[in-house]
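Trainee: fold the stuff below for me.
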Amino acid sequence: MRTVDAAGLKIGDDYPPRIMGVLNVSNESPYKPSVFNDPTEAAEYVDRTLIDEGADIVDIGLESANKRLDVLSADEELERLDTALSVLDHVSGDAVFSIETRYHEVAEAALENGFDMVNDICGFADPEMPRVCEEYDAAVAKMASPPDLTRPGAIEEVDDIYDALELNGFTDKTIVDPAFGGWSEAKTLAQDRETFDRLREFRGYGYPILVSINRKNFLRDVAGRSTEDALPVSLAATSMAVERGAHIVRTHDVQETRDAALVGHEFKRRRVREPGDVSVEELDVTTPGEARRHLDRLGARNDVADECVTHVFELEGLSDEEREKLAGVAGDAGAIFVSAETGGLLVGTPAALGRISGLVNEASDALEGAFDTIERSLHR
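Mentor: Prediction:
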């Protein structure tokens, strides 16, 4: 996993999670507490509510990405950029300033005049965006999106997010964003839940991950909460996201989100990293899908993904005959079964466990049923 330097702010596995606070200079944005059109008032909000409460990055949006609203042109965004630049002139606190835009012209003007970073919500749909970011040596968050400047983040199937993130490549300072939220009418809450469940897979790109999950519908739906009452579910998800590998959390609730992110960081798995002649890094891989993404990144054969993860299952209620049968076939399949009084522990890769399933076809109905359960759990 590479480390990205965003104007001196290090983002990656070896550093604490970074908090991205939000300021909007677009009146049509739905979250009104973060919307300002007076630079002095906006700067005060940035200093007191974002930076003082722990924001490492301040992301300034020029327009709402609401799919029900018309998309501004690059010229219209440039008109609003003047307000955003005035905010920078009035801010006294220290943070990395990010401009949220889909246009390379706007990104270039922002970087030329004091911004440090770009948040591209159309994921390089503008093919000139990576060139601009590279010329200014700027970090850029790249949100998964179709190759269409009018449809940010409108990716519905999780597997399609990977192709979207690869659109027009990556810069050395890219941060990937899998795009949570209702960016299209067809996108469902279940698809957002699946994206969150598979969040570790995006580590396979080797770039830091940004998540924007604050008060999102798929979290509110879990607890049946309104937007106003959704902070607790957002904080729970923040800790989980950081534990699963997220490096930046974009939020309107800076102080609370920072605390939740630090809890996730404290209890996430520590990876071995030795930068010697031969570097060593333990990858955070819990499913074959995650392994497959790392193999693809390395250009290696990915048909061994099912051999890259080990599972441990406890089986209880087995007869002597069933335990004897399982102990025999486990070794033949490349797994281990450690027998106990009425059950035991079964240890193996998905591939090995799949081979066992084929070997117990003529065993008892109970044992076959147990392996049906195991196979279903492996393919969730």
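
Trainee: who does the helix or strand bottoming out on mean pLDDT in the chain pair up with?
Mentor: Here the helix or strand of the chain ranked lowest by mean pLDDT, DSSP states H and E is strand 273-274, holding a mean of 71. Sheet pairing of strand 273-274 (DSSP bridges) gives strand 280-281 (antiparallel).

Trainee: mind listing what's buried in whichever helix or strand comes after the strand it pairs with?
Mentor: Once strand 280-281 ends, the next helix or strand along the chain (criterion: DSSP states H and E) is helix 288-298. Across helix 288-298, burial judged by 16 or more other CB atoms under 10 Å covers Pro288, Gly289, Glu290, Ala291, Arg292, Arg293, His294, Leu295. C-beta here means a position set from N, CA and C on the backbone, and glycine is covered the same way.

Trainee: let me know the closest of these to Ala340.
Mentor: Using CB to CB, Pro288 is the member of those that lies nearest Ala340, at 28.1 Å.

Trainee: buried stuff in stretch 315-330?
Mentor: Neighbour-count burial for stretch 315-330, counted by 16+ other CB under 10 Å, picks out Leu315, Leu318, Glu322, Arg323, Lys325, Leu326, Val329, Ala330.

Trainee: do the same with stretch 58-78
Mentor: Residues of stretch 58-78 classed as buried: 58-65, 67, 71-72, 74, 77-78 (neighbour count, 16+ other CB under 10 Å).

Trainee: tell me who's in contact with Gly61.
Mentor: By CB atoms under 8 Å, 6 or more residues apart in numbering, the contact set of Gly61 is Val22, Leu23, Asn24, Val25, Ser26, Ser29, Glu100.

Trainee: the fourth one contacts Ala84, doesn't it?
Mentor: Yes: with contact defined as CB atoms under 8 Å, Val25 and Ala84 form a contacting pair (5.5 Å).

Trainee: hmm, back to that, return the subset of the buried residues of stretch 315-330 lying in strands.
Mentor: Among those, the ones falling in strands (DSSP state E) are Leu315.

Trainee: closest one of the buried residues of stretch 315-330 to Leu235?
Mentor: Closest approach to Leu235 among those (CB to CB): Leu315, at 37.0 Å.

Trainee: for Leu111, see how far away the closest residue to that closest one other than its chain neighbours is.
Mentor: Leaving aside its chain neighbours, Leu315 sits nearest to Gly343 (4.7 Å; criterion: CB to CB, 6 or more residues apart in numbering). Gly343 sits 62 Å away from Leu111, going by CB to CB, to the nearest Å.

Trainee: do the same with Val118
Mentor: Relative to Leu111, Val118 is positioned 7 Å away (CB to CB).

Trainee: those two: which is more packed in?
Mentor: Between Val118 and Leu111, counted using other CB atoms under 10 Å, the more crowded position is Val118 (31 against 21).

Trainee: name the strands paired with the helix or strand harbouring that one and say parallel or antiparallel.
Mentor: Following DSSP H and E, one finds Val118 within strand 117-120. The pairing partners recorded for strand 117-120 under DSSP bridges are strand 96-101 (parallel), strand 139-143 (parallel).

Trainee: so what's Phe202 up against?
Mentor: Phe202 touches Ile161, Leu165, Val176, Pro178, Ile209, Gly245, Arg293, counting by CB under 8 Å, 6+ apart.

Trainee: next secondary structure after the strand holding Val118?
Mentor: Sequence-wise, the next helix or strand downstream of strand 117-120 (DSSP H and E) is helix 129-135.

Trainee: which parts of that next one are buried?
Mentor: For helix 129-135, by 16+ other CB under 10 Å, it's Met129, Pro130, Val132, Cys133.

Trainee: just give the closest residue to the first one, not the sequence neighbours.
Mentor: Okay, so that is Met129. Excluding the flanking residues, the one nearest Met129 by CB to CB, 6+ apart is His104, at 4.6 Å.

Trainee: the one you found contacts Phe124, doesn't it?
Mentor: No: between His104 and Phe124 there is no contact under CB under 8 Å: 9.3 Å.

Trainee: the two: which has the busier surroundings?
Mentor: Counting neighbours by other CB under 10 Å for His104 and for Phe124 shows that Phe124 has the greater number, 27 against 20.

Trainee: find the nearest non-adjacent residue to the more buried one, please.
Mentor: Residue nearest to Phe124 in three dimensions, not counting chain neighbours: Asn168, with 3.9 Å by CB to CB, 6+ apart.
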